[in-house]
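S.K.: Okay, predicted coordinates and the sequence, questions at the end:
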Amino acid sequence: MIKSQIILIFALAWLAMIAIGCWESSVEGKNAWGKGKLGWKLKYKKRVLFTYYHFWLFIVMIPAFLAIPLVLNYSVELLGVLLSAYFSGLVVEDFTWFVVNPVFPLRKFNSKNAKWHIWLKIGKFEFPYSYIIGIILAILSWFLLWR
């Protein structure tokens, strides 16, 4: 794969994730993640781990669309690029939700307000563990599958 193809794959995947973050923020408003959603919820104790619509969106639909290039021209390198774009795109999508959501703005991107995330706190800084996992999986996908 050439560099321009890789950049285009990331740009298109992230554009799609930004679009999803935008429409998801308008659909959910202040009721993020499991609040007020129809369908099943996978819970551990009182914490909602996954909802019906998040499963179909993030586990089925997005990977299905990203897999289309693999059907046309499979390579391990392409798989690595697509997985890296997907995992990093999940972080981009979620963060976009906070950036564009008028009723749950970016200033509420913290452990006090966004309780559906599990947060890692280092001094004054805090990050959702899911972001850290997404970035680690993106880096591993890139380096383990790219030759």
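M.R.: Yep, that arrived.
S.K.: quick one: strands adjacent to the helix or strand bottoming out on mean pLDDT in the chain?
M.R.: Using mean pLDDT, DSSP states H and E, the weakest-scoring helix or strand in the chain turns out to be strand 47-51, at a mean of 87. The pairing partners recorded for strand 47-51 under DSSP bridges are strand 41-44 (antiparallel).
S.K.: same question for the strand it pairs with, mean pLDDT?
M.R.: Averaged across strand 41-44, the pLDDT comes to 89.
S.K.: Could you do stretch 58-77 as well?
M.R.: On average, stretch 58-77 scores 95.
S.K.: List the buried residues in it.
M.R.: For stretch 58-77, burial by neighbour count (16 or more other CB atoms under 10 Å) applies to Phe58, Ile62, Leu66, Pro69. Using the backbone N, CA and C atoms, a C-beta is placed for each residue, glycine as well.
S.K.: Pull up the gap between Phe139 and Tyr52, please.
M.R.: No, residue 139 isn't Phe; it's Ile. Separation of Ile139 from Tyr52 (CB to CB, to the nearest Å): 30 Å.
S.K.: Verify the contact between Gly34 and Val48 for me.
M.R.: Yes - counting by CB atoms under 8 Å, Gly34 does reach Val48; the two are 3.1 Å apart.
S.K.: Now list whatever residues contact both of the two.
M.R.: Lys41, Trp116 (CB atoms under 8 Å, 6 or more residues apart in numbering).
S.K.: where does the protein have low pLDDT?
M.R.: 147 (pLDDT under 70).
S.K.: Start from the N-terminal end of it and give the strands.
M.R.: Shown for the chain, the strands assigned by DSSP state E span residues 41-44, 47-51, 119-122, 125-128.
S.K.: so how far is the first one off the chain centroid?
M.R.: Spelled out, that is strand 41-44. On the basis of CA atoms, centre = their mean, to the nearest Å, strand 41-44 sits 19 Å off its chain's mean C-alpha point.
S.K.: Can you mark which positions in that strand are buried?
M.R.: Quick answer for strand 41-44 (16+ other CB under 10 Å): Lys41.
S.K.: Not counting its own residues, what contacts it?
M.R.: Taking CB under 8 Å, 6+ apart as the rule, strand 41-44 contacts Gly34, Val48, Leu49, Phe50, Thr51, Tyr52, Phe55.
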